[in-house]
Structures are given as structure tokens and as C-alpha cells.
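Colleague: Please work out how this folds:
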Amino acid sequence: MPRLSRPERARLGRPRPGRLAGALLAALLTATGAGNVAYAAPSADAVPTADAAPQIDVPTAPMGWASWNSLASQIDYDTIKAQVDALVSSGMAEAGYEYVNIDEGWWWGTRDSKGNITVDTEQWPGGMKAIADYIHSKGLKAGIYTDAGKNGCGYFYPTPPGTPPAPGSGSEGHYEQDLRAFQEWGFDYVKVDWCGGQDEGLDQETTYRAISEANKAATAVTGRRLVLSLCEWGSGRPWNWAAGVGDLWRTSTDIIYWGQTPSATAMLSNFDQGLHPTAQHTGYYNDPDMLMVGMKGSNATLDRTHMSLWAVSGAPLLAGNDLTTMTRQTAGTLTNPEVIAVDQDPRGLQGVKVAEDAAGLQVYAKVLSGTGKRAVLLLNRTSAAKPITARWTDLGLTGAPASVRDVWKRASVGTHGGGYTATVPAGEAMLLTVSGTEAPGTAYQSTTGSFTVTAGTAGLKLADVTYANGGTAPRTATLRVGGQYATTLALPPTGSPTARRTVSVLLSLAKGANTVTVSGGPDTITVQDLPGTDGVQAVGG
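Modeller: Take a look at the predicted model:
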């Protein structure tokens, strides 16, 4: 929540884009047990891809409501209760918005002689457990907030103006103690901000790894794990290290500050800064911040574009408007089931830019669950209505006819061969789903510690990792391409030691030979060219 100018906000955490000469190569990595293997270029032991294991659903990005954007520190039991009731009565809860996240302002930094958090009982009658219990009574989940430093954002930036500062409202020195308290109160989610951490000059990765370990230690006592939201605003490039540390991580500073009006500029800035597709996989998510949909000063067109951008990103959908005054139109925008389905696709990937035939006329594609399924965003950043074309070959499909559906209209727009062209108004976006024919692939096998993939073009590639996990909890594997940052994959239980399933991850490969190292025993790789014309390269950025 730091108060930064727009240029400063744009600078923090901005990815370093680079054009891709080609687009996606798909690789299927099949794991059968412990140990590592190495792959070489295509060999005589190629096998068909038809035997590939089915995809497994991964945890989707959180959906819910958060208090900060509209209420700031003006919160108490009755205020949150009213928002909970509105979340249910509006149909948002039924549509999948399940978290009610209490942000900055719930606590004023007080502790007892043993270091336990104490709260204002006039603000929170019955303590924080009482409001968590009420949230749970509606079938919802409860979220809470703290800071990584000694002092939280409520000390540095009291909001609204005139709010007294809250010294000591951070968890430094009390990580495990505070997280255990949150769990014992019944909370399901915690957002950990960075105002105190920034002020003290703490290291982002070191600090959040300590918080992650504290979360695990507290869970070992309570049996209740908190979804961990890292909020260091992209300043420490969390996309390079946060998968497996937290469940989601902010990629930029706040999308809106108290007293501001929602704007397309802020929306596009946070969208752009949130594009780190190699980091988003297997239940870990880039977080471009809360939604501005329905906030004062927004409009229906901006709201639909906002939802479309977040959906193709697979971003968390955390509404930030005042639900008690929400219009039917806003509720309809937030609850469109086909838009939500794009965002919540259980393959868990982020959309990537695959074409920009003219400046500002962009095509983004998100690989969906199933075969030949894509979400497509046509985004017009120019000042005039323009036609934009999505070519099937840019999406990793063959040129065969594919069916197209307008997501907002919830209607088919027919079957089209080769691609689809639509005129998109200035500053707006069109969200589509496409069902076509997946390009074929070939599997290769080898038996050593890493494998070599030779890519005909540089850029983002799709890898489906096949494995078996007979346990009751996800296990992890590590994947690294060349000298890039390693990423942690979460491999959900498959039901038995012999049941094989796949999860997906996007890789960034250089043209030519690439060394890919994977833990966890893969023994097969299926390579599929997905030729596109453009994209975003953000690994190590």
C-alpha cells in the first residue's frame, strides 16, 4: 500500500518484455518414480502422444472480496458482516466468490505481555474468531492481513486521512505466533504486506521464505493451513522465487489508492506488470491486485474489459467494491459464469500475447483444460475501433475449422477456418473461447539427469508434466531451464501410486538446444510445435 507516483508504480516489478520469433512448443514429461532423467533430441524411441495421461485439476486462483479498495481502515464487525451478507444475497458467493478478506485496519498493533495480538473489542465484539465464525456460517472462507515488518502500512500510511497511525501493526518477531493465532481464530487466508519490510530494508525472498516456514510450523500445531498471499508489490521479482513459498504474489503496487477513480491506465499497467507466465502453474498465481469493478467512477465498459484481462491472466478475482451498494449490472459483470470459467480453468495457466499485427492491436491466448481448447482476448489499445485477427496457428491449433464463442454474450459466433476476425472498439477487449484441433506431438524417452530440447524458435513453450502421486498431499518437483531461475511444481495426489496424471507449466526456451532439468523422475517427453508470431519473455526479468 505505499503511496507512489504512477511512474514509480510502473517501474516497480515491471517485467522485461522481448519479442518472440516463434511461439509455443509443448512438452509432455512423464514421471514414474523417484530420481532424475536426461533427455536428448528426438530419437528412434518416439512414441505417440495418444497415450498421454489425463490432466489433473490444480487449485484455481482465489475468488472473493477484500475490504481495502472501498473501505480502507473503516472496518468493524458490523461493516464486514454487511459485506458478507451482500456477497451471499447478490449471487456472488454462489458464483464462486468464497473469500472475505479483512485488510488493513482490523488491528492497531497492541499485544499482551506474552506477545499475543489483542484487538479492540468495541470494534470486534467477541474478537476476531467471532467474525471468522460468522463468515464460515455463510459457507465462506475468512481472510486476514498483516505486515512482514514491525510496523504495518497502517503506521506509515493511515487511511483515510485523519486515521490515527498504528505502530507495531506488523508481525516481524512474531511470525509463527501470529500465524498460529490466525489459524486458531479460524482464518483460511492471510495477506502479508511489505510497508514495514520496505522501511527496514528487509530482503523480500528471505523474509517471505521465513513467513512461509512459520505458516507450515503453525499448521503442524493447528492442522489448519493459511493460503499465503505475498504482497511486496513485485519489488523483489517474486515470480522468480515465490512458487512454493506462497500461493499468490503481487506483481505491482496498488491498482487504486484512496480517493482515486478507477482508470484504464491503472488497469492496463497492472495487467502488463502481472504477465509472468513461466511462474504461474500448478496452483501458484501472479496477482495483479484487487478488482476495481463497480467502484465509484468506473463504468460498464471498463468493468468488462477489466474482468476480461484478469480472466485471460488466470488472476485472483478479489472484488474491491462496496457490495452493499452494488448495482445489478455490476453483479452481473462479476458473476458472468463463462468469464469466471476462463479465469478459473483448472489447468491453472496464464494467458500470453501471441500476436500484435499492428501496434496496440493485441491477441492473447490462454491454454485451457482439454484438447484444442483456448481462451482468446482481442485487446485494442488504440484510440479507434479496429479489426483484430486471431489465427488458429498462433494458438497452437491446426488451421482446421474451429468453433468460436463470445464469452460476454454467452453465444456462439460460428465455426471458422484458419482464424477469426472481429472489430474491437477503442480501448476495449473481446473475450472468446475457441475449440479447435490440437497440433500433433511426439514423445521421446531417455534415462539420465537432464534432457535437451532443441527449439526451432525462441519463446514460451508449453510443458505437460506427467507423474504419479499415491499420497494424500501434493508433493513438489523442481524444474529449471538452463541458467534460469528454478521453479517449484506442485503435484497433486493422483489416487494411487500407479495412477498417472499431468500438470502444465510454460517454459522459456532459446532457439536451438536447451538443457531442462526436472526432479521427480520423468522418463518421457512429448514435443509439439505451437507456432505463434509474438509473445512476452519475462523469465529472470
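Colleague: Surely residue 225 is in a strand?
Modeller: No: per DSSP: H, G, I helix; E, B strand; the rest coil, residue 225 lies outside any strand segment and is coil.
Colleague: next one: phi and psi at it?
Modeller: phi -90, psi 140 (degrees, to the nearest 10).
Colleague: Could I get the contacting residues of it?
Modeller: 183, 215, 216, 219 (Cβ atoms under 8 Å, 6 or more residues apart in numbering). From N, CA and C alone the C-beta is placed, and that goes for glycine too.
Colleague: same for the strand or helix carrying the second one, what does it pack against?
Modeller: Per DSSP states H and E, residue 215 falls inside helix 204-222. For helix 204-222, the helices and strands in contact under the criterion 3 or more Cβ pairs under 8 Å, 6 or more residues apart in numbering; DSSP states H and E are helix 175-185, strand 189-193, strand 227-230.
Colleague: Point out the one among the ones you listed that comes closest to residue 259.
Modeller: strand 189-193 (19.5 Å; Cβ to Cβ).
Colleague: Enumerate the positions of whatever helix or strand comes next after that closest one that are buried.
Modeller: Downstream of strand 189-193, the next assigned helix or strand under DSSP H and E is helix 195-200. Buried residues in helix 195-200, counted by 16 or more other Cβ atoms under 10 Å: 195, 196, 197, 198, 199.
Colleague: and which of those is nearest to residue 262?
Modeller: Nearest to residue 262 among the buried residues of helix 195-200: residue 195, at 23.0 Å, using Cβ to Cβ.
Colleague: how near is the closest one to residue 273?
Modeller: 19 Å (Cβ to Cβ, to the nearest Å).
Colleague: and of the contacts of residue 225, the nearest to residue 388?
Modeller: Taking the contacts of residue 225 together and measuring to residue 388 by Cβ to Cβ, the closest member is residue 215, at 43.5 Å.
Colleague: Now do the same contact list for that closest one.
Modeller: 179, 190, 225, 226, 228.
Colleague: Tell me where the model's unsure across the stretch 351-500 of the chain.
Modeller: 440-449 (pLDDT under 70).
Colleague: just the helices in the stretch 201-350 of the chain please.
Modeller: Using DSSP state H, counting those that start in this stretch, the helices of the stretch 201-350 of the chain run over 204-222, 264-273, 300-313, 328-335, 337-343.
Colleague: Residue 354 belongs to a strand, doesn't it?
Modeller: Yes: remark: residue 354 belongs to a strand, assigned using three-state DSSP.
Colleague: Kindly present the contacts of residue 225 as a markdown table, with separate columns for pLDDT and distance to residue 309.
Modeller: A markdown table is the format used below for the contacts of residue 225 (pLDDT from 0 to 100; distance: Cβ to Cβ, whole Å):
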| residue | pLDDT | distance to residue 309 |
| --- | --- | --- |
| 183 | 99 | 34 |
| 215 | 99 | 30 |
| 216 | 98 | 33 |
| 219 | 99 | 34 |
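Colleague: Tell me the most packed of the residues you listed, by neighbour count.
Modeller: Most neighbours among the contacts of residue 225, by other Cβ atoms under 10 Å: residue 215, with 24 neighbours.
Colleague: distance of that residue from residue 367?
Modeller: Where residue 367 is concerned, residue 215 sits at a distance of 31 Å (Cβ to Cβ).
Colleague: Please name the residues that touch residue 95.
Modeller: So residue 95 contacts 334, 335, 337, 340 (Cβ under 8 Å, 6+ apart).
Colleague: can you tell which of the helices and strands packed on helix 204-222 is closest to residue 99?
Modeller: strand 189-193 (5.6 Å).
Colleague: So which of the contacts of residue 225 is the closest to residue 256?
Modeller: Using Cβ to Cβ, the contacts of residue 225 come closest to residue 256 at residue 215, 28.4 Å.
Colleague: on that earlier part again, would you mind listing the two of the contacts of residue 225 that lie farthest apart?
Modeller: 183 and 216 (11.3 Å).
Colleague: ok, residue 119 touching residue 130?
Modeller: No: look at residue 119 against residue 130 with Cβ atoms under 8 Å: they stay out of range, at 10.3 Å.
Colleague: which parts of stretch 284-299 are buried?
Modeller: Buried residues in stretch 284-299 (16+ other Cβ under 10 Å): 284-295, 298.
Colleague: can you give me the mean pLDDT across that stretch?
Modeller: Stretch 284-299 carries an average pLDDT of 98.
Colleague: same check, this time on stretch 519-536
Modeller: Mean predicted lDDT for stretch 519-536 stands at 49.
Colleague: same question, stretch 253-264
Modeller: Here the average pLDDT along stretch 253-264 is 97.
Colleague: circling back to that earlier point, turn the buried residues of helix 195-200 into a markdown table, columns for pLDDT and distance to residue 164.
Modeller: Listed next are these as a markdown table, based on pLDDT from 0 to 100; distance: Cβ to Cβ, whole Å:
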| residue | pLDDT | distance to residue 164 |
| --- | --- | --- |
| 195 | 98 | 16 |
| 196 | 99 | 17 |
| 197 | 98 | 22 |
| 198 | 98 | 21 |
| 199 | 98 | 18 |
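Colleague: will you turn the residues you listed into JSON lines that also has distance to residue 265?
Modeller: Listed next are the buried residues of helix 195-200 as JSON lines, based on distance: Cβ to Cβ, whole Å:
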{"residue": "195", "distance to residue 265": "24"}
{"residue": "196", "distance to residue 265": "29"}
{"residue": "197", "distance to residue 265": "28"}
{"residue": "198", "distance to residue 265": "24"}
{"residue": "199", "distance to residue 265": "28"}
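Colleague: Could you count how many residues lie near residue 327?
Modeller: 12.
Colleague: ok, now residue 89?
Modeller: Neighbours of residue 89 using other Cβ under 10 Å come to 12.
Colleague: residue contacts, residue 504?
Modeller: 55, 281, 282, 347, 348, 349, 367, 462, 463, 464, 465.
Colleague: One more: residue 431?
Modeller: Residue 431 neighbours (Cβ under 8 Å, 6+ apart): 308, 311, 312, 339, 342, 375, 376, 377, 406, 407, 408.
Colleague: Can you tell me the element it falls in?
Modeller: strand 429-435.
Colleague: Note down every partner strand of that strand and its orientation.
Modeller: Under the criterion DSSP bridges, strand 429-435 sits next to strand 373-380 (antiparallel), strand 402-406 (antiparallel) in its sheet.
Colleague: Would you mind finding the most buried of those?
Modeller: strand 373-380 (a mean of 25; mean count of other Cβ atoms under 10 Å).
Colleague: next structured bit after that strand?
Modeller: That would be, after strand 373-380 and using DSSP H and E, strand 386-391.
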